[in-house]
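Participant: how does the following fold in three dimensions:
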Amino acid sequence: MSYPIGGYAKDFKSYIGALARINVDINIDDWKKVLEGLKNTIWEDVKKEFNLADDKKKELVLKVAGM
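Facilitator: Numbers count the residues shown, from 1 in each chain. Okay, the predicted model is just below:
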C-alpha cells in the first residue's frame, strides 16, 4: 500500500483523518460501507485544500481516509 511521504505527509494524513471523523458516522465500522457521494465530498475537500489539480491520487487519498 502507498502512503503519503515528504514534509507535509503528517499534516496531509491528519487533515484527511479529521475530515473522515467529522463526516463519517461513527457507527460505520467499514470504509467500504461509506457512501460514494460522501467519499467524493471528502476527496473534493482534500483536492481544494492541497491544490491537487486532477484525480490521479483520489484512490490513495481515500485509502488514507479509510485507515
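
Participant: shouldn't residue 31 be in contact with residue 65?
Facilitator: Yes - using Cβ atoms under 8 Å, residue 31 makes contact with residue 65 at a distance of 7.3 Å. The C-beta positions use only the backbone N, C-alpha and C, and glycine is treated the same way.

Participant: neighbour-wise, which of these two wins?
Facilitator: residue 65 (24 against 14; other Cβ atoms under 10 Å).

Participant: setting aside sequence neighbours, what's the nearest residue to the more buried one?
Facilitator: Sequence neighbours aside, residue 20 is the residue nearest to residue 65 in space, at 4.4 Å (criterion: Cβ to Cβ, 6 or more residues apart in numbering).

Participant: pLDDT at that neighbour, what is it?
Facilitator: At residue 20, the model reports a pLDDT of 90.

Participant: what's the neighbour count on the closest residue to residue 58 other than its chain neighbours?
Facilitator: Of all residues not flanking residue 58 in the chain, residue 43 sits nearest, at 5.3 Å (Cβ to Cβ, 6+ apart). As a burial measure, residue 43 scores 20 neighbours (other Cβ under 10 Å).

Participant: mind telling me what element residue 43 is part of?
Facilitator: Per DSSP states H and E: residue 43 is located in helix 36-49.
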